[in-house]
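> Please work out how this folds:
(4 chains)
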2 protein chains.
Amino acid sequence: MTRQSPSIQDVARRVGVSIMTVSRAMRGVEGVSSAKRSEILAAAKALGYRPSRTARSLAASHSTLIGISLPMLFNEVFADILDGMRRTFDTAGFDLVLDNSDYDSHREALWVERMIDWKPAGVVLSGVDHAPGVREQLRAAGIPTLEIWDQCADPIDVCVGIDHVAAGRAIGEYLLACGYKAPAFVGVEANRDPRAEKRLAGLRSAFLAHGHGGPVVRRSERHASFEAGMNETRALLAADGQHPDCLCYLNDHMAFGGMSACEAHGLSVPGDIGIVGFNGLGINAVLPRPLTTLVTPRLLMGTLGARMLLARINGAKVERQSVVPVEMSVGATTRMMGL
Amino acid sequence: MTRQSPSIQDVARRVGVSIMTVSRAMRGVEGVSSAKRSEILAAAKALGYRPSRTARSLAASHSTLIGISLPMLFNEVFADILDGMRRTFDTAGFDLVLDNSDYDSHREALWVERMIDWKPAGVVLSGVDHAPGVREQLRAAGIPTLEIWDQCADPIDVCVGIDHVAAGRAIGEYLLACGYKAPAFVGVEANRDPRAEKRLAGLRSAFLAHGHGGPVVRRSERHASFEAGMNETRALLAADGQHPDCLCYLNDHMAFGGMSACEAHGLSVPGDIGIVGFNGLGINAVLPRPLTTLVTPRLLMGTLGARMLLARINGAKVERQSVVPVEMSVGATTRMMGL
DNA sequence: GATTTCCACGTTAGCGCTAACGTAGGGAGT
DNA sequence: ACTCCCTACGTTAGCGCTAACGTGGAAATC
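Predicted coordinates:
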């Protein structure tokens, strides 16, 4: 016997009320006396009744799903952001549908289309650089949307993140203050990570503003991993001519890999060459020589972003954009030159 | 003007067929001539029609959602597993609803209940140790379920993973072969990670079988992070009496933190003390002294698991359980004693 | 006491699809 | 010519809820 799971009808019959009263009781909506409400709740529990989410979504013409698209998961940054959001959304009773775009805006666009078919309560996208049409589709569907991790004067809906150009410039200015003159930047292919490109632009502008040349750029075709950092740094150092006096990396992972490559190449850090990461990951706490890096408030971004999106879902007006601060963390991989 | 998104009716009217024919055409189901089919598809595209997932789920009495519950995301292990599954499910047209149980089986149970309300096509749980009732609920609802990362003779439905007891024993036997005699195990609280407890049990049984004492156990109350590994190791070494001759960690993160603590304590690795991790993470490739560790085939597990679940969703019979092999990776943090 | 108000509930009409079954019309078999 | 069958559709009846509006009766107002 494959007894179907009980429906709202069964509860209504058992208590002797209409299904509408059961619906109201289950949702905690006004219009039911507290006596009836608890009677209904008890009956529902006894029968093992659980409201069907799909039926509810169809009838209400919107679901309690929230779609989240992140470039990748194995990355403390996005894992932290997700963690910050998760707690907030979870408490509010939403379920999270996840996408992993692999830094591919086309993939993201396809997923957004599919997501809209679920009539989600909200959508979260990483960054502000999307494929054409994504913005319009989300707006046309009237879906509250949060863009996270970057900033933008005119977001799709709301936006929380850091100013990547300013972050790059801050790193540049710190390095200039140390006396570094010939930076290099190690990252990934230009179209893969728009935020990294903004940081590179900021870094470049800082050096150019002080009359130096812009950074030498080296790009990996693969993920921004430990290994990629090591390989690209090795290649960079193997090139002819004078090597840079400091190396800026797309993130701490690459920087750590790069540090290994430098040492393998016989360069002492920071004696012969400076190294700067990005993000301020947990691994720094246990490294014998902590990285100089820019710490990003990922959990804060997640929590704040989730709250902003929730406010939009509830129809509240909120600031369209929120830019959170970053902090330079001076470690043991850079030094004041000439000391 | 808030023009509603077009429904199946609009497409049917435009082409001059019944909605059923449109439904069939959209789903790629038999019973429509190819001429009509392409005419309908063209009309749908022109109107911007997209089938409503919620309506479809209700009418078909099951959705294309797949629920996945993992203990945590910032962890290469689960990120890899998820990545392996994602590709497979994505291609098959499923959407992934994610939960993050924080190693809390009660949380997992609550989420499973909520997930069932969506009538998902399938559910993925991590491990085989669940809160009471979870198994029954999933079975009663007839939802294809995959348990991943551990093994079990009688899974809820299907299961793919490694044998953690055997893995622990393999580590123990390797250490015994090296000549180590006094191991310690550094992990987290006993009820937080059942898999780690199984590995500990395997490790213990190996040493006991050779007439040695079981491992000294040290547990962190926090996450199995770099920092936790460092802190617990520091505490372990600070204790009176002789220190262990080798340290086994819950995972590579903790092991790496532990290695820092050893060096800070003036112990050389592997000269004075051996260190063994678990998982074989990417960071090993760039460490000056790669960890001795047990490599787990995470991506394989994900891909294989997803395929098994897909087969179950399609009603196929499959092996209920699949145990994948692990491989000991001897790094530079252990040595043959007496050499 | 007649009117208004309000609360607690019921009724009606879908939400946008799909499963299951029904049917017309053309071709093959005898 | 008559079945028989098969293909390409259409019709009917929901899936399990909620929004919007309707209604009776008790309390409040004058």
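> Can you list the buried residues in stretch A:329-339?
Using 16 or more other Cβ atoms under 10 Å in any protein chain shown as the test for burial, stretch A:329-339 gives A:329, A:331, A:333-335. Quick note: C-beta positions are derived from backbone N, CA and C, even for glycine.
> Excluding chain neighbours, give the residue nearest to A:Leu146 in space.
A:Leu309 (4.2 Å; Cβ to Cβ, 6 or more residues apart in numbering or on different chains).
> did I read that right, the one you found in a strand?
No - using DSSP: H, G, I helix; E, B strand; the rest coil, the assignment for A:Leu309 is helix, not a strand.
> Please verify my assumption that it contacts A:Val158.
Yes - taking Cβ atoms under 8 Å as the definition, A:Leu309 is a contact partner of A:Val158 at 6.6 Å.
> quick one: low-confidence ranges for chain A?
Along chain A, the parts satisfying pLDDT under 70 run over A:1-3, A:339.
> show me the contacts for the most centrally placed residue in it.
Geometric centre of chain A, nearest residue: A:Phe78, 4.4 Å, by Cα atoms, centre = their mean. A:Phe78 makes contact with A:70-72, A:126, according to Cβ atoms under 8 Å, 6 or more residues apart in numbering or on different chains.
> Which one of these is nearest to B:Ala264?
B:Ala264 has its nearest neighbour among the contacts of A:Phe78 in A:Met72, at 32.6 Å by Cβ to Cβ.
> In terms of neighbours, single out the busier of A:Leu309 and A:Val158.
A:Leu309 (29 against 21; other Cβ atoms under 10 Å in any protein chain shown).
> for the more buried one, what are its contacts?
A:66, A:122, A:124, A:144-146, A:158 are the contacts of A:Leu309 under Cβ under 8 Å, 6+ apart.
> Now, these that are in strands?
Counting by DSSP state E, the part of the contacts of A:Leu309 found in strands is A:66, A:122, A:124, A:145-146, A:158.
> so how far is DNA strand D from the residue lying farthest from the centre of chain A?
The outermost residue of chain A relative to its centre, with distances by Cα atoms, centre = their mean, is A:Gly16 at 49.4 Å. Distance, A:Gly16 to DNA strand D, by Cβ to the nearest atom of the strand, to the nearest Å: 16 Å.
> can you give me phi and psi for that residue?
With angles defined as degrees, to the nearest 10, A:Gly16 sits at phi 80, psi 40.
> Next one: stretch A:114-134, is it in contact with DNA strand C?
No - contact of stretch A:114-134 with DNA strand C (Cβ under 7 Å from any atom of the strand) is absent, the minimum separation being 8.7 Å.
> Can you give me the buried ones in that stretch?
Across stretch A:114-134, burial judged by 16+ other Cβ under 10 Å covers A:114-130, A:134.
> is that stretch up against DNA strand D anywhere?
No - Stretch A:114-134 does not reach DNA strand D (Cβ under 7 Å from any atom of the strand); its nearest approach is 12.5 Å.
> returning to what we had before: centre of the chain to the particular helix or strand that has the residue nearest to the centre of chain A in it, how far?
Element membership of A:Phe78, judged by DSSP states H and E, is helix A:76-91. Offset of helix A:76-91 from its chain centre (Cα atoms, centre = their mean, to the nearest Å): 9 Å.
> Show me which positions of it end up buried.
Those would be A:76-86, A:88-90, for helix A:76-91 by 16+ other Cβ under 10 Å.
> And for stretch A:199-210?
Those would be A:199-200, A:202-204, A:206-207, for stretch A:199-210 by 16+ other Cβ under 10 Å.
> for stretch A:98-114, same thing?
Applying 16+ other Cβ under 10 Å to stretch A:98-114 flags A:98-101, A:103, A:105, A:107-112, A:114 as buried.
> how about the residues of chain A that lie near DNA strand C?
Checking chain A against DNA strand C by Cβ under 7 Å from any atom of the strand, the hits are A:16-21, A:30-33, A:36-37, A:58-59, A:61.
> Among these, name the ones in helices.
Judged by DSSP state H, the subset of those located in helices is A:19-21, A:36-37, A:58-59.
> what number of residues lie near the residue of the stretch 151-300 of chain A found nearest DNA strand D?
In the stretch 151-300 of chain A, no residue comes nearer to DNA strand D than A:Asp157, which is 21.9 Å away by Cβ to the nearest atom of the strand. A:Asp157 is flanked by 21 other residues according to other Cβ under 10 Å.
> Surely it is in contact with A:Ala141?
No - the pair A:Asp157 and A:Ala141 fails to qualify as a contact (Cβ under 8 Å) at a distance of 11.2 Å.
> ok so, going back, ok, the ones in strands among the contacts of A:Leu309 vs A:Asn284, which is closest?
A:Val124 (27.3 Å).
> Measure how buried the closest residue to A:Asp272 other than its chain neighbours is and give me the count.
In space, A:Asp272 comes closest to A:Cys262 once its chain neighbours are excluded; the distance is 7.7 Å by Cβ to Cβ, 6+ apart. Neighbourhood size, A:Cys262 [other Cβ under 10 Å]: 25.
> State the distance from whichever residue of the stretch 51-200 of chain A sits closest to DNA strand C to B:Leu58.
Residue nearest to DNA strand C within the stretch 51-200 of chain A (Cβ to the nearest atom of the strand): A:Ala59, separated by 3.7 Å. To B:Leu58, A:Ala59 is 9 Å away according to Cβ to Cβ, to the nearest Å.
> Contact partners for A:Asp99?
A:67-70, A:107-108, A:111, A:115, B:96.
> and of the residues you listed, the nearest to B:Gly257?
For the contacts of A:Asp99, the nearest to B:Gly257 is A:Leu70 (26.3 Å; Cβ to Cβ).
> In contact with the closest one, which residues?
A:Leu70 neighbours (Cβ under 8 Å, 6+ apart): A:78, A:81-82, A:98-101, A:126.
> The residue in the stretch 51-200 of chain A that DNA strand D sits nearest to: neighbour count?
At 3.1 Å from DNA strand D, A:Ala59 is the closest residue in the stretch 51-200 of chain A, using Cβ to the nearest atom of the strand. Using other Cβ under 10 Å, A:Ala59 has 12 neighbouring residues.
> And A:Gln242, by the same measure?
7.
> Need the three-state assignment for it.
Under three-state DSSP, A:Gln242 comes out as coil.
> Quickly note the distance from it to A:Gly187.
To A:Gly187, A:Gln242 is 21 Å away according to Cβ to Cβ.
> Of the buried residues of stretch A:329-339, which belong to strands?
Those of the buried residues of stretch A:329-339 lying in strands (DSSP E): A:Ser329.
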